[in-house]
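Engineer: Dropping a prediction and its sequence here:
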Amino acid sequence: MDTNELIRQLTEERDRIDAAITLLSGSATAKPTVKKRGRRKMSAASRARISAALKARWAKAKKAK
């Protein structure tokens, strides 16, 4: 038997076993998942600075029309 064929068959068997484990455990994923990081929080000063810059940008664009 060809090595590549054997690897393909073993991979298919592994996928079937993973699917069965997922169904039996009742979880969405049987494999460990990467934990997402929380959202970065922007300070009030940063938000105010960005807001002022955007307002100035739009005022400049409106004036140019």
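Structural biologist: That came through, no problem.
Engineer: following the helix ranked longest in the chain, which helix or strand shows up next?
Structural biologist: With residue count as the measure and DSSP state H as the assignment, the chain has helix 3-25 as its longest helix. The first helix or strand that comes after helix 3-25 along the chain, using DSSP states H and E, is helix 44-64.
Engineer: Against which helices or strands is that following helix packed?
Structural biologist: Using 3 or more Cβ pairs under 8 Å, 6 or more residues apart in numbering; DSSP states H and E as the contact criterion, helix 44-64 has no neighbours among helices and strands. (Glycine included, C-beta is placed from N, CA and C.)
Engineer: That helix: how far from the chain's middle?
Structural biologist: Relative to its parent chain, helix 44-64 has a centroid offset of 31 Å by Cα atoms, centre = their mean, to the nearest Å.
Engineer: helices and strands of this structure: which one has the lowest mean pLDDT?
Structural biologist: Ranked by mean pLDDT, DSSP states H and E, the weakest helix or strand in the chain is helix 3-25, scoring a mean of 89.
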